[in-house]
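S.K.: here is a sequence together with a model predicted from it:
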Amino acid sequence: MPTAPTKARTLRLDVNDDAALEALARVDGVTVTDAIRVAIHRYIAERRVDPEFQRRIKESIEQNRELLRRLAGT
């Protein structure tokens with residue numbers, strides 16, 4: 001099964017949060033990278049079902065659509 005493309009990203013954390021993250025990951029038996037990935041996946045999933053966020057996304061789409069129309073001169 002092919003894997004999805006990945007992208008490296010730098011993450012700066014408060015030293016206390018970093019220590020806590022490392023300890024939690026160790027206790028859970030996962031890498032810090034995997035713990036971060038799980039948190040990101042959960043965050044994305046929560047946003048996808050949040051009605052207020054979805055309203056703001058639709059508003060942003062409309063604003064950007066109008067801006068792109070003006071830039072295209074239409």
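M.R.: The structure has been received and is ready for your questions. The structure displayed is predicted, hence computed values, not measured ones.
S.K.: residues near Gln63, how many?
M.R.: Using other CB atoms under 10 Å, Gln63 has 10 neighbouring residues. Where you see a C-beta, it was placed from the backbone N, CA and C, and this is true even at glycine.
S.K.: off-centre distance for the helix or strand where it lies?
M.R.: Taking DSSP states H and E as the definition, Gln63 sits inside helix 51-72. The gap between the average C-alpha position of helix 51-72 and the chain average comes to 19 Å, counting by CA atoms, centre = their mean, to the nearest Å.
S.K.: just stretch 49-56 next, same as before
M.R.: Using CA atoms, centre = their mean, the mean C-alpha position of stretch 49-56 is found 15 Å from that of the whole chain.
S.K.: which residues does that stretch contact?
M.R.: For stretch 49-56, contacts defined as CB atoms under 8 Å, 6 or more residues apart in numbering pick out 47-48.
S.K.: kind regards, and thank you for your time.
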